[in-house]
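**Student:** Generate coordinates for the sequence data below:
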Amino acid sequence: MVFASPACFLWRLTNQGWPTSLDQTICSSSPTPKCGTTWVQNIVGCIFRDGKPFQSAMEFFTDTPFLEMTGAAAAEKMRRPGAIKVHLPFHLTPWSPEAKYIFVARNPKDCCVSFYHHTVGAPGYRFVNGEFDDYFDLFIDGEVDFGDYFDTLFSWYEHRNDPNVLFITYEQLKKDARNNILKIAEFIGPHYKEKLLKDEKMLEDVIFHSSFSFMKQHINQLFSQLGSIPKELIMDNPDIPSGLKAILLADEFQMTKNEPEKMNFIRKGIVGDWRNYFSPSQNARLEKKFRERTAGTELADLWKDDMVIIELKSQIHFQLNIFTVRKLTKLSKEIKMSSEDQQKPKMPWYQDIDGFRLPGMFSADAYRSALTYKPRPDDLFIVTYPKCGTTWVQNIVACIFKDGRPFASAMEFFTETPFLEMTGKAAGENLKRPGAIKFHLPFHLTPWSPESKYIFVARNPKDCCVSLYHHTEGLPGYKFVGGEFDDFFEIFINGEVDFGDYFDTTLSWYEHKNDPNVLFITYEEIKKDARNSILRIAEFIGPQYKEKLVKNEKILDDVVFHSSFGFMKEHLNRQLDELSNMPKDMIRNNPDVPAGLRAMLLADSFQMKKDDNAGVTFVRKGVVGDWRNYLSPMQNARLERKFRQRFAGTELLDIWRDYM
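**Tutor:** Residues are numbered from 1 along each chain as shown. The predicted model follows:
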């Protein structure tokens, strides 16, 4: 068998001699790249570091060196305890019965899709804009780098019962990270597991710092920093392994300095994403090969639930969905590009700031400053994905603090419950306490403190999509006035709207629903029983607030009324309408207006009225189930399918069962 490696690797360095002493070294391997190696590197790294993550990309490469890339010297110089990563079949692996080996397997369908994105996204492969159909053929024929998926998988499967081999799957880790981290720790050494069991905080740190929400931000950021290292520093640094140095100095790698988005090494980390890429014929081909190659082994049943098409009765819809993304036949590139341009949905005005999508009228400086905000112990944060109940809970919390009174003006609304990404950190720092800070950030971007409190409001994705459409179409600042719902649905389901992917944000906070300083509540819960939900929110803020409401029925009634949609629709919409009519000089010269809010109010694109007769409708309906008036049967099926895939294994599937 000919073993293929990426062209930018220095094969002579990796093949000139393996480490001779492997005692106490953990070798992490996988059938091919993108099967969970980086994930397990982070888990093992955190176990060795008592829960702390890697501090730099260089630390990542030197403390857990990628042997085929860095060469033998990197492993020989590695600080112990540490781990060495390989993507080698068993027969090429540096083997010692005294060393330990963790092999991570992943179902071939998800592996293929993830490997495709990895290859397209790294300019060093010279496959940028490559087609999935082309890559699929390479993968199924075993012609990708690091060899045939099935050959490597089986070479390690045969050693799964060796006392110094831990055979684990990506899907097992995904389903139960906590117990599988403990399993890995015990395999490394019983004292590591014992330490985690005795120190719950340390175990939680390992879980968090090896979570995809954290790695997606942290590791991608560390890798992007590699592109900013001057060539001279790379060439003259004796601590950089020769193989890594060659890659960092390669012209292809240098291309990424001006393209930081190419550094998205951690992408999704989900199970079942293949269903968004495989055509029925591709699925049948890989299914056939999988059955043939795994016949008579436990592997045939290992991924039984992860490799089937959900609801086979939807096969026709599945087929249509696939081919709206990819062409039925390969036309010439020019015709294809022209056709795709015509089919692209109309996009609202967005801007991408440091990899995060925001409304085009927001200030980049305000957003960046928001991320640097240092939470105070008495801070209360209201967090949601847009149009999931933020304004509602802002009003509830404010009324609780104000003994039942509503906001007196729109300016009070923005200063007493500032929108952090829009106003910037100064608004949070100048906030009159008690107050609340609002944002729409996923957990990994959140200004976090275990001493602060966070209310996360979740809403079913179908109603969220419809409400966010009306919000976007109704604000001329988005430049989407008159935009079609069908166009907006496409960008919503693909996670291309402002504030990122609905599912990513919701799941990132769902993982923290049991944290003592997090209240995870749904829009539908509040709608069903506002009174008791308000009392629950009050108790979370502080027992004294609930006690006051329980003792004073009038205050509680006022909170319920002044946070009702009937009242907010009249009161808040009128206040925001007045704000949109405020003379620019008054805004410009008012020191109490946060800088980020001032920049938006003064922008030409900020006009909250469509015409002289249409006022602000920031608060619209506030009902549950309005999606039934908008989603077509096909759109409903697509979003339903994505909902089941992304929330599989969570309570969210049951929470919204009656609303979807």
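**Student:** which non-adjacent residue is nearest the spatially most central residue of the chain?
**Tutor:** Taking CA atoms, centre = their mean, the centroid of the chain lies closest to Asp504, which sits 4.3 Å from it. Nearest residue to Asp504 in three dimensions, chain neighbours excluded: Pro442, at 5.8 Å (CB to CB, 6 or more residues apart in numbering). Backbone N, C-alpha and C define where each C-beta goes, glycine included.
**Student:** hang on, isn't that neighbour packed against Ser508?
**Tutor:** Yes - with contacts counted by CB atoms under 8 Å, Pro442 reaches Ser508, the gap being 4.4 Å.
**Student:** Now list whatever residues contact both of the two.
**Tutor:** Common contact partners of Pro442 and Ser508 (CB atoms under 8 Å, 6 or more residues apart in numbering): Ser213.
**Student:** who's more crowded, those two?
**Tutor:** Ser508 (24 against 21; other CB atoms under 10 Å).
**Student:** Next, the contact list for that one, please.
**Tutor:** Taking CB under 8 Å, 6+ apart, we find Ser508 in contact with 213, 442-444.
**Student:** For it, what is the enclosing helix or strand?
**Tutor:** Secondary structure from DSSP states H and E places Ser508 in helix 502-510.
**Student:** what does whichever helix or strand comes after that helix contact?
**Tutor:** Scanning forward in sequence from helix 502-510 by DSSP H and E, the next helix or strand is strand 518-522. Applying CB under 8 Å, 6+ apart, the contact partners of strand 518-522 are 453-459, 509-510, 512-513, 533, 536-537, 540, 655-656.
**Student:** go with 7 Å
**Tutor:** 454-459, 509-510, 512-513, 533, 537, 540, 655 (CB atoms under 7 Å, 6 or more residues apart in numbering).
**Student:** cool, and stretch 459-478?
**Tutor:** Under CB under 7 Å, 6+ apart, the answer for stretch 459-478 is 348-349, 359, 361, 385-389, 480-481, 483, 485, 488-489, 492, 497, 502, 522-524, 605-608, 610, 617, 620, 624-627, 630-631, 639, 643, 656, 659-660.
**Student:** average model confidence for stretch 135-151?
**Tutor:** Averaged across stretch 135-151, pLDDT comes to 90.
**Student:** Mind listing what's buried along it?
**Tutor:** Using 16 or more other CB atoms under 10 Å as the test for burial, stretch 135-151 gives 135-136, 138-140, 142, 144-151.
**Student:** Quickly note the distance from the closest residue to Lys425 other than its chain neighbours to Gln351.
**Tutor:** Setting aside the residues directly before and after it, Lys425 is nearest to Tyr373 in space (CB to CB, 6+ apart), at 3.9 Å. Distance, Tyr373 to Gln351, by CB to CB, to the nearest Å: 20 Å.
**Student:** repeat for Tyr385
**Tutor:** Taking CB to CB, one finds Tyr385 at 18 Å from Gln351.
**Student:** Between the two, which has more neighbouring residues?
**Tutor:** Tyr385 (27 against 14).
**Student:** hang on, isn't the residue nearest to the centre of the chain packed against Phe443?
**Tutor:** No - judged on CB atoms under 7 Å, Asp504 makes no contact with Phe443 at a distance of 9.5 Å.
**Student:** check contacts around Lys289.
**Tutor:** Counting by CB under 7 Å, 6+ apart, Lys289 makes contact with Ile140.
**Student:** any idea of the pLDDT on it?
**Tutor:** The model's pLDDT for Lys289 equals 86.
**Student:** in a helix, that's where it is, yeah?
**Tutor:** Yes - counting by DSSP: H, G, I helix; E, B strand; the rest coil, one finds Lys289 located in a helix.
**Student:** Distance check, the closest residue to Lys231 other than its chain neighbours against Ala72.
**Tutor:** Spatial nearest neighbour of Lys231, excluding adjacent residues (CB to CB, 6+ apart): Leu249 at 6.2 Å. From Leu249 over to Ala72 the distance is 20 Å, taken as CB to CB.
**Student:** Tell me which of the two has more neighbours.
**Tutor:** Neighbour totals were compared for Leu249 and Ala72, and Ala72 leads with 22 against 13 (other CB under 10 Å).
**Student:** Phe61 against Leu244, yeah?
**Tutor:** Yes - the criterion here is CB under 7 Å, and Phe61 meets it with Leu244 at 5.6 Å.
**Student:** Now the common contact residues for these two.
**Tutor:** Common contacts of Phe61 and Leu244 (CB under 7 Å, 6+ apart): Thr70.
**Student:** still on that earlier bit, helix/strand/coil for the residue nearest to Lys425?
**Tutor:** Going by three-state DSSP: Tyr373 is coil.
**Student:** How many residues are close by Phe561?
**Tutor:** The number of residues near Phe561, taken as other CB under 10 Å, comes to 14.
**Student:** try the one 3 residues further on
**Tutor:** Applying other CB under 10 Å, we find 16 other residues in the vicinity of Ser564.
**Student:** ditto for Pro230
**Tutor:** The burial count for Pro230: 8, using other CB under 10 Å.
**Student:** per-residue pLDDT, it?
**Tutor:** Per-residue pLDDT puts Pro230 at 76.
**Student:** now Arg574
**Tutor:** Predicted confidence (pLDDT) for Arg574: 69.
**Student:** Make 481 the starting number, not 1.
**Tutor:** Will do, 481 is the new start, and the previous item becomes Arg1054.
**Student:** For the stretch 681-830 of the chain, which segments count as helices?
**Tutor:** Using DSSP state H, counting those that start in this stretch, the helices assigned to the stretch 681-830 of the chain run over residues 692-706, 711-716, 722-729, 731-734, 760-774, 779-782, 795-805, 813-823.
**Student:** what do you get for the stretch 531-680 of the chain?
**Tutor:** Using DSSP H, counting those that start in this stretch, helices in the stretch 531-680 of the chain cover 537-543, 547-550, 552-557, 588-601, 612-620, 629-637, 650-655, 657-668, 670-678, 680-689.
**Student:** Looking at those helices, which is nearest to Asp716?
**Tutor:** Taking CB to CB, helix 537-543 is the member of these nearest to Asp716, at 14.1 Å.
**Student:** That'll do, ta.
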